[in-house]
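J.: give me a 3D structure for the following:
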Amino acid sequence: MNNSKYILSLVFIVSMFYYNCTQAQHCIKHVIFKNNGQIDTLSVTKIDYDSTTNTVLDVRDNQSYKLVTIGNQLWMSENLRYDVPGVYGYEDTLFINSNTKYGRVYNWYTVMGVDSLNPSSANPSGIKGICPDGFHLPSRSEWFEMEIAIGMIPTDTTTSGFRGTHADSMKSTSGWASNMNGSNSSGFNSYPAGAYLSFAGGLTWVGKRAGYWTASDSAGSPPNAYLVSNDTFNQGVENTLAVKDDVSVSCRCLADSLNVPSISYTFTADYHTTGGSVIHYHMANIDSVKIIPACTCPDFVTDSRDNETYAVVKIGDDCWMAENLRYDVPGVFGASDTVNSANPSTIYGRHYDWATVMNGATTSSSNPSGVQGICPNGWHLPSDSEWNELELALDMPDIDTSAVAAYRGVHGESMKSLSGWNNNGNGTNTSEFNAFPAGAYGSGSFNNLGVNAYFWSSKEYSGSFAWYRSLNGGFAAVSRGNINKTYGFSCRCVED
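T.: The predicted model follows:
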């Protein structure tokens with residue numbers, strides 16, 4: 001039994017997603033943060049309902065499920081088979097019998113997902129859990145409603161253990177041991193998938209018992225939640241408690257309404273671990289879960305102040321300008337705002353000192369920085385943390401995020417432009433960041449043209465110094481350091 005403390009929180013970042021999303025409901029992504037800082041992300045999508053066959057398609061994995069109407073409820077009549085990304089072990093095990101009738105088994109924390117700190121006894125439960133969009137995990141009350149619809153006496157809702165004689169109408173017509181197949185007259189098709197008991201070390205009761213989690217729990221220790229089950233020995237249906245992380249049983253999802261919408265769009269598997277490969281983990285190890293926009297970036301952005309247009313690239317979850325800012329700050333002239341006289345091409349952009357790029361804003365180490373600075377509306381100057389995030393997305397080792405005045409990783413090669421670098425220092429630009437070696441302005445002249453690219457961050461190091469990033473034609477790495485604010489460096493902006 002895992003005794004880890006379950007620290008699970010849900011942060012809703014925005015109520016209206018970013019303006020560049022074509023359809024807001026398509027822009028939701030779950031980001032799961034593991035204890036060691038590695039990140040898995042999972043896109044959440046809608047479902048596709050076929051009214052002709054009365055089936056629903058879970059577009060996360062293209063699994064199709066039959067549905068049945070019982071009373072005023074629309075239930076899945078098959079056990080959920082969804083393989084939760086990043087979760088592996090007894091809480092997500094495909095049965096030894098590969099027949100899809102068995103489905104997968106999950107512990108309670110897995111079926112509840114981000115809602116495990118908010119169990120529900122309401123009807124409807126309001127707990128989506130791991131069910132597809134348009135469906136939810138039924139509460140204990142919703143199970144009672146279904147059972148009453150197929151013959152259970154209403155007063156039995158207060159009775160624990162096996163109640164009524166309605167199990168026969170729920171049980172499948174095959175798969176049960178000891179000649180205990182049911183009539184399945186309700187169409188619920190309860191299949192005897194058994195359970196996985198962590199304290200027993202394996203699957204048990206296959207062919208003899210069917211168990212299903214509810215969204216409801218009971219106070220006490222150990223932490224228990226309610227489940228519903230059928231077995232081979234009783235005509236009734238059991239209503240009992242089980243330990244949330246020691247027992248893994250099946251999951252049935254209930255439609256949010258009798259009218260399931262027919263919505264379908266392409267699902268793209270987009271889960272990864274920053275700085276490495278995907279790691280499977282137990283739900284108890286999750287620190288927090290956030291919902292953030294997973295939107296696409298525009299190909300170009302036009303600065304309405306001077307009608308300059310910039311290419312845009314998506315790196316990680318952020319939209320970055322793929323060109324150096326060229327905005328001529330009104331009233332500013334000199335080292336802080338100078339077109340490189342050695343090559344006035346727009347590829348180089350302008351150079352700005354730190355005070356100019358900040359445009360009166362105070363230092364920020366936040367992510368996002370919140371500092372618009374001299375960036376166009378809707379864009380901001382990246383913080384030191386945002387630069388780290390970009391580099392991690394390009395496979396910089398996590399340990400290098402705090403390195404100072406050192407070249408880290410080999411991701412600079414993917415950031416550097418295909419041309420412009422001296423001494424065969426051109427990059428592959430596979431990231432499409434297109435870092436161009438504009439050099440710097442300092443001590444009254446331009447320096448390192450064709451040799452270095454320097455970019456400011458919004459984070460101050462001290463009263464006279466600020467953090468920056470630089471790339472060099474002779475290295476595949478990227479340098480993080482701090483320098484006097486009076487130097488003229490390039491500026492890249494990130495979309496808000």
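
J.: what mean pLDDT does stretch 370-385 get?
T.: What stretch 370-385 shows for mean pLDDT is 94.

J.: buried sites along that stretch?
T.: 371-376, 379-385 (16 or more other CB atoms under 10 Å). Heads up, the C-betas are built off the backbone N, CA and C, glycines and all.

J.: among those residues, name the ones in helices.
T.: 384-385 (DSSP state H).

J.: strands along the stretch 51-200 of the chain, start to end?
T.: Using DSSP state E, counting those that start in this stretch, the strands of the stretch 51-200 of the chain run over 55-58, 63-70, 73-76, 93-94, 104-105, 135-136, 161-163, 195-197.

J.: how long is stretch 394-407 from one end to the other?
T.: End-to-end distance for stretch 394-407, by CA to CA, to the nearest Å: 15 Å.

J.: so what touches that stretch?
T.: By CB atoms under 8 Å, 6 or more residues apart in numbering, the residues outside stretch 394-407 that reach it are 37-38, 274-275, 315, 388, 391-392, 408-409, 411, 414-415, 431, 472, 475, 477-482.

J.: whichever of these end up buried, select them in ChimeraX.
T.: A single ChimeraX command is used to select the members of those judged buried by 16+ other CB under 10 Å:
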select :38,274,275,315,388,391,392,408,409,411,414,415,431,472,475,477,478,479,480,481,482
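
J.: which of the contacts of stretch 394-407 fall within strands?
T.: Cross-referencing the contacts of stretch 394-407 against strands under DSSP state E gives 315, 408, 472, 478-482.

J.: for those residues, which one is nearest Pro330?
T.: The shortest gap between Pro330 and any of these belongs to Asn482, at 28.6 Å (CB to CB).

J.: and the closest one, how far from Phe446?
T.: Asn482 sits at a distance of 21 Å from Phe446 (criterion: CB to CB, to the nearest Å).

J.: mind putting the ones in strands among the contacts of stretch 394-407 in TSV, pLDDT and distance to Asn184 included?
T.: Output for those, formatted as TSV (pLDDT from 0 to 100; distance: CB to CB, whole Å):
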residue	pLDDT	distance to Asn184
Ile315	91	53
Arg408	87	62
Asn472	92	70
Val478	94	62
Ser479	92	67
Arg480	92	64
Gly481	92	70
Asn482	93	70
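
J.: now do the contacts for the closest residue to Tyr407 other than its chain neighbours.
T.: Leaving aside its chain neighbours, Tyr407 sits nearest to Ala477 (3.5 Å; criterion: CB to CB, 6 or more residues apart in numbering). Applying CB under 8 Å, 6+ apart to Ala477 gives the contacts 407-412.

J.: these two touch, right, Gly427 and Phe436?
T.: No: counting by CB atoms under 8 Å, Gly427 does not reach Phe436; the two are 10.1 Å apart.

J.: and the nearest residue to Gly211 once chain neighbours are set aside, how far from Met358?
T.: Once flanking residues are discounted, Gly211 sits nearest to Val249: 3.4 Å by CB to CB, 6+ apart. Noted for Val249: a distance of 57 Å to Met358, by CB to CB.

J.: beta-bridge partners for the residue nearest to Gly211, please?
T.: Tyr106 (DSSP bridges).

J.: count of neighbours near it?
T.: 25 (other CB atoms under 10 Å).

J.: list the contacts of it.
T.: Per CB under 8 Å, 6+ apart, neighbours of Val249: 105-106, 193, 195-196, 211-213, 227, 229, 242.

J.: confidence-wise, which of these comes last?
T.: The member of those with the lowest pLDDT is Leu227, at 75.

J.: remind me what the strand or helix carrying that one packs against, helices and strands.
T.: Per DSSP states H and E, Leu227 falls inside strand 224-231. Contacting strand 224-231 under the criterion 3 or more CB pairs under 8 Å, 6 or more residues apart in numbering; DSSP states H and E are the following elements: strand 209-218, strand 237-243.

J.: having no further points to raise, I will conclude here.
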